[in-house]
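S.K.: Build me a model:
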Amino acid sequence: MDRRTLLKGTAVATALTLAGCTENGETADPDGNGEEETENGAAEDPVDEDRDEDDEELATLSEAYWEAFEDGDSDQYSQLFHSESSYGNQETWDKDDYWVSEELTVTVEDREIAYHTDTTATITEQVRWETPEEGETDLESVLEVEIEDGEWKIVAPSQARPAQ
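M.R.: Model prediction:
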């Protein structure tokens, strides 16, 4: 066998083997710079690995917010707010006109989370309110959130407004 043919065959086999190592989105560090790249060459973002956990925590925070609002539970509601939030004033929640007076059912139809930094985010939701008197109303809600003592807390809820 010709030496060149043997070398070419070995090079092709090695290239195919290495190409198989990065299949299905697995990562490699081809340029040795310490940043892994996906199959399409995009650098992996180590922050993204933590986003799934944060997304779950933020969804749980939102669900607790709506549950407390639905139930008119000012104690649970107050625990969800950041200590520096002006909305953390429980005197406001003790007023009769703060809570919806009739039976309220809240369903989050869609949720989008946008991170501004590792410690701040915005939760935008399409929400359906349902009351026996008013029927169904589709609203858009925005929650500004921030980390405090290792937990996501609400800094500012928006006034829920009709969905567009």
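S.K.: residue ranges of the helices in the chain, please?
M.R.: Per DSSP state H, the chain carries helices over the ranges 3-21, 46-71, 74-78, 90-93.
S.K.: comparing those, which gets the lowest mean pLDDT score?
M.R.: Least confident of these, judged by mean pLDDT, is helix 3-21 with a mean of 37.
S.K.: Distance of residue 76 relative to residue 69?
M.R.: Taking CB to CB, to the nearest Å as the measure, residue 76 falls 9 Å from residue 69. Every C-beta, even on glycine, is put in place using the N, C-alpha and C of the backbone.
S.K.: Between those two, point out the one with more neighbours.
M.R.: residue 69 (22 against 14; other CB atoms under 10 Å).
S.K.: what's around residue 124, how many residues?
M.R.: Based on other CB under 10 Å, the number of other residues close to residue 124 is 14.
S.K.: should've said residue 62
M.R.: 23.
S.K.: Please list all residues in contact with it.
M.R.: Contacts for residue 62 (CB atoms under 8 Å, 6 or more residues apart in numbering) come out as 108, 111, 123, 125, 143.
S.K.: got a markdown table for those residues, with distance to residue 58 too?
M.R.: Below are the contacts of residue 62 laid out as a markdown table (distance: CB to CB, whole Å):
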| residue | distance to residue 58 |
| --- | --- |
| 108 | 12 |
| 111 | 8 |
| 123 | 6 |
| 125 | 11 |
| 143 | 8 |
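S.K.: ChimeraX command to pick out the buried ones of these?
M.R.: In ChimeraX, a selection of the buried entries from the contacts of residue 62 looks like this (16 or more other CB atoms under 10 Å):
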select :108,111,123,125,143
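S.K.: Show me which of the contacts of residue 62 is closest to residue 131.
M.R.: Residue 131 lies nearest to residue 108 out of the contacts of residue 62, by CB to CB, at 16.5 Å.
S.K.: need the contact list for the closest one.
M.R.: 62-63, 66, 125-127.
S.K.: try 6 Å this time
M.R.: Shown in contact with residue 108 (CB atoms under 6 Å, 6 or more residues apart in numbering): 125, 127.
S.K.: and what of the one 5 residues further on?
M.R.: Residue 113 makes contact with 55, 58, 121, 123, according to CB under 6 Å, 6+ apart.
S.K.: Now for the third one, how many residues are close by?
M.R.: Meaning residue 121. 21.
S.K.: repeat for the first one
M.R.: Neighbourhood size, residue 55 [other CB under 10 Å]: 15.
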